[in-house]
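Chemist: From the sequence below, what's the structure:
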Amino acid sequence: MEGGARHLVEFKARYEDLGKARALLEGAEPVGSFRQVDTYFSLGERRLKVRSVEGRSDGQLVYYERPDAGGVKESDVRLAALPDAAAVLDILTRAFPVAAEVRKTREVYRFQGVQVHLDTVVGLGRFLEFEKVVDGPRGIEEGRRQLEDLAAYFQVAPEDVMASSYSDLLERG
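Modeler: From the prediction side, this is the model:
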């Protein structure tokens with residue numbers, strides 16, 4: 001798993017027909033399918049999580065700042081590889097209250113320079129997510145346009161566009 005700082009543009013929407021999404025992804029590079037658990041910690045407006053992947057001892061520590069706004073949005077992300085995710089999770093759950101635990105199956109594809117996630121989230125449903133790493137104002141604007149074009153290509157209905165993270169949705173019940 002890669003680490004470091006990233007500046008992204010991203011988009012998330014409810015998308016119940018993952019079969020349709022897979023058909024629209026014809027020609028995309030499949031990266032893999034993973035059963036993930038993201039454990040979020042209560043830190044106010046900031047977001048910190050440990051990502052664990054079923055069947056693996058390693059994981060990621062992820063910190064990010066992103067507005068709760070619908071549509072394409074910018075996100076600043078910091079990632080650190082964890083050789084022993086369970087040990088770090090144990091330490092952090094002793095130090096901070098757990099805000100939410102998000103359990104999902106994530107299919108990952110690379111499509112037109114964008115990472116596409118098809119997520120099935122326990123207790124929430126199915127989702128489509130786009131992420132593109134960008135650099136500078138020009139890259140942000142180009143990335144924003146590209147993700148808006150992809151949302152149109154996948155025929156995402158405006159009412160299905162998400163503003164919140166999965167953790168926020170689970171916290172609200």
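
Chemist: Stretch 110-122 - what's its average pLDDT?
Modeler: On average, the pLDDT along stretch 110-122 is 97.

Chemist: And for stretch 143-153?
Modeler: 97.

Chemist: Tell me which residues of it come out buried.
Modeler: Buried residues in stretch 143-153, counting neighbours by 16 or more other C-beta atoms under 10 Å, are found at 143-144, 146-148, 150-151. C-beta coordinates here come from the backbone N, C-alpha and C atoms, glycine included.

Chemist: again, but for stretch 112-129
Modeler: 114-119, 121, 126-129.

Chemist: now swap in stretch 84-97 and tell me
Modeler: 85, 88-89, 92.

Chemist: How about stretch 49-66?
Modeler: Those would be 49-53, 59-64, for stretch 49-66 by 16+ other C-beta under 10 Å.

Chemist: which secondary element of the chain has the worst mean pLDDT?
Modeler: When the helices and strands of the chain are compared on mean pLDDT, DSSP states H and E, helix 166-172 comes out lowest with a mean of 84.

Chemist: Give me the buried positions along it.
Modeler: 166-167, 169-170.

Chemist: looking just at contacts, which helices and strands does that helix meet?
Modeler: strand 29-43, strand 98-111 (3 or more C-beta pairs under 8 Å, 6 or more residues apart in numbering; DSSP states H and E).

Chemist: So in that sheet, which strands flank the helix or strand following the longest one, and in what orientation?
Modeler: Once the chain leaves strand 29-43, the next helix or strand it forms, by DSSP states H and E, is strand 46-53. Pairing partners of strand 46-53, with direction, according to DSSP bridges: strand 29-43 (antiparallel), strand 59-65 (antiparallel).
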